[in-house]
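> how would this look folded up:
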Amino acid sequence: MTEIETDHGFRDIQRRQLGAAIRRRRHALDLTLARLSATAGISVSMLSQVERGLLDPSLESLRNIAEALGTVPFRLLAEEGSVLGIVRRGAGRKIVDDDGAFTFELLSPSMDGAFEIAVWELEPGHSSTSRPRAHAGEEANLFIQGRARLQIGDETVDLEAGDCITFDPTIPHRVTAMGDQTVVCVDVICPPVF
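Down below sits the predicted model:
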């Protein structure tokens, strides 16, 4: 299961808030559990448990649910009434994939601005997603540490610490960590999509 990184008690609250946000959005779109689960490619049982705050969805499932609801994961994870402000080191909202190899930390204080800033870390030999994904907007990645291979459509680009790349994110893409060092990357996406 995906861990939404926080202390245990707060994590339970955050899981319930996420479930409630998914349910509210589903109801606002007049979708049944069955229809949303079919569109997101997950079981009705799993979706029901997520909505009731009993289960953390995997990162892949959370992305699929958000996409099926016409939104992005961090909009669903956003705390109600959040305001713009500073995000202290290590205090951004985090999503960690099932095996802990990919961590995505939102550095933007909210998803209400024109862009999002995040830092992500990817363990050697792992990819950012199981299959290449696309999203609207513009994207730039500044690699801080490690070596990576960006697959975008039929092209691949090898990148290393100090490299900055901008690309068309409407083309399905994913990153794979190369070598034996964790990849650390600062990511800017406009408009916010995660």
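> Can you list the residue ranges for helices in the chain?
With DSSP state H, the ranges of helices along the chain come out as 8-28, 33-40, 44-51, 59-68, 73-77.
> can you pull out the strands in this structure?
93-96, 102-106, 116-122, 138-145, 147-152, 155-160, 164-167, 173-178, 183-190 (DSSP state E).
> Pairing partners for the last one, with directions?
Using DSSP bridges, the strands paired with strand 183-190 are strand 116-122 (antiparallel), strand 138-145 (antiparallel).
> deepest of the ones you listed, which one?
Among the strands paired with strand 183-190, strand 116-122 has the highest mean neighbour count (mean count of other Cβ atoms under 10 Å), at a mean of 20. C-beta coordinates here come from the backbone N, C-alpha and C atoms, glycine included.
> ok, back up a step: in TSV, list the helices of the chain along with mean neighbour count and distance to Phe102.
Listed next are these as TSV, based on neighbours: other Cβ atoms under 10 Å; distance: least, Cβ to Cβ, whole Å:
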stretch	mean neighbour count	distance to Phe102
helix 8-28	15	18
helix 33-40	17	20
helix 44-51	18	20
helix 59-68	22	7
helix 73-77	21	13
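> Outline the domain layout of this protein.
The chain is divided into the following domains under automatic domain parsing: 8-77, 93-190.
> Which of those has the lowest mean pLDDT?
Of all those, mean pLDDT reaches its minimum on domain 8-77 (a mean of 87).
> re earlier: so can I have TSV of the domains of the chain showing distance to Ile86?
Listed next are the domains of the chain as TSV, based on distance: least, Cβ to Cβ, whole Å:
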stretch	distance to Ile86
domain 8-77	17
domain 93-190	7
